[in-house]
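>>> from the sequence below, what's the structure:
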Amino acid sequence: MDAFKTHGAFSWSELMTPNPAAASEFYGSLFGWAIESMDMPTGKYHVAKIGDTAIAGMMSCPDPSSQLPPAWGCYVTVDDVDATIAKCTALGGAVLMPAMNVPTVGRMACIRDPQGAAINIITYEPRPA
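The predicted structure follows:
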């Protein structure tokens, strides 16, 4: 199974934290992850890898004044982000972050279930072979 192509599969984990560089150093040392950093419009994005396989990302919190603590979030692959948003709202859920396209990554959104739990959904762009 390819988690990046399978509808309903957990496919990515991401840490939002005030200090992603320090978090990268900590988790890299803790788990033996190699860290690659890249420039993004919102600052540096740190990709954790085991061997050649990217397994997670770390980035700055989008709103530094937020009272939310740093946290790991997860992404679930879906066949169609917009259709999944429509189904989510029909089932009583809500959209926390509208669908957006991220160049070279894919289309993503953040939804909330009727009990209040948030989860990210994503349809990845095709990856080169």
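
>>> mind listing the helices for this protein?
All helices of the chain, identified by DSSP state H, fall at 20-31, 81-90.

>>> could I get those as a markdown table with mean neighbour count and distance to Ser60?
For the C-beta atoms, the positions are set from N, CA and C on the backbone; glycine is no exception. A markdown table is the format used below for these (neighbours: other Cβ atoms under 10 Å; distance: least, Cβ to Cβ, whole Å):
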| stretch | mean neighbour count | distance to Ser60 |
| --- | --- | --- |
| helix 20-31 | 15 | 6 |
| helix 81-90 | 15 | 24 |
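
>>> so for Thr42, which of those helices sits nearest?
With Cβ to Cβ, the closest approach to Thr42 among these belongs to helix 20-31: 10.6 Å.

>>> just the CA atoms of that closest one, as PDB, please.
Below are the C-alpha coordinates for helix 20-31, written out as PDB (Å, rounded to 0.1, in the frame of the first residue of the first chain):
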ATOM      1  CA  PRO A  20      11.300  24.300  14.700                       C
ATOM      2  CA  ALA A  21      15.100  24.400  14.500                       C
ATOM      3  CA  ALA A  22      15.300  23.400  18.200                       C
ATOM      4  CA  ALA A  23      12.600  20.700  17.700                       C
ATOM      5  CA  SER A  24      14.500  19.400  14.700                       C
ATOM      6  CA  GLU A  25      17.700  19.100  16.700                       C
ATOM      7  CA  PHE A  26      15.800  17.300  19.600                       C
ATOM      8  CA  TYR A  27      13.900  14.800  17.400                       C
ATOM      9  CA  GLY A  28      16.900  14.200  15.200                       C
ATOM     10  CA  SER A  29      19.000  13.300  18.200                       C
ATOM     11  CA  LEU A  30      16.200  11.400  19.900                       C
ATOM     12  CA  PHE A  31      15.200   9.200  17.000                       C
END
